[in-house]
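Trainee: only geometry, no sequence info:
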């Protein structure tokens, strides 16, 4: 995500949904709009500068983001490895997780958190 696709206006579209009801294929798309390009990834360490989080003001996405931006969304991903070690289950845990899932759980990169915030704001 180098920012080349991050422009003002429509960025992504989703099918409008009514909870619990299946929507026909021709249902109108929900449009997420952004107020600007933000600062490309890797050029700022400020979370709110991300192009992914530049929602237009007072949209549903912006209001959701405003509520969740201070939450520790990634805390649930942590595994208490000391407890697993004391239980003698380290090898079993490693087998269950596999290398890719383990890498995802251990990822602390700012962009991962930005993606989590964007997902929770637009879902």
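Mentor: Received the coordinates, thanks. Remember, it's a predicted structure, so these values are computed and weren't measured experimentally. Residues are numbered from 1 along each chain as shown.

Trainee: strands of the chain, residue ranges please.
Mentor: Counting by DSSP state E, the segments of the chain that form strands are 9-15, 29-34.

Trainee: residue with max distance from the center of this protein?
Mentor: residue 88 (33.3 Å; CA atoms, centre = their mean).

Trainee: which residue ranges of the protein form helices?
Mentor: Chain-ordered helices for the chain, with DSSP state H as the definition, fall at 60-68, 81-86, 90-106, 110-122.

Trainee: pretty sure residue 50 contacts residue 38?
Mentor: Yes - using CB atoms under 8 Å, residue 50 makes contact with residue 38 at a distance of 5.5 Å. (C-beta placed from N, C-alpha, C; glycine too.)

Trainee: out of those two, which sits in the busier spot?
Mentor: Neighbour count, other CB atoms under 10 Å: between residue 50 and residue 38, residue 50 has more, with 23 against 20.

Trainee: and the nearest residue to the more buried one once chain neighbours are set aside, what is it in contact with?
Mentor: Once flanking residues are discounted, residue 50 sits nearest to residue 114: 4.3 Å by CB to CB, 6 or more residues apart in numbering. Contacts for residue 114 (CB atoms under 8 Å, 6 or more residues apart in numbering) come out as 41, 47, 50, 52, 53.

Trainee: mind checking which of these are buried?
Mentor: 41, 50, 52, 53 (16 or more other CB atoms under 10 Å).

Trainee: so where's the chain shaky on pLDDT?
Mentor: Scanning the chain for pLDDT under 70 picks out 1-21, 23, 76-77.
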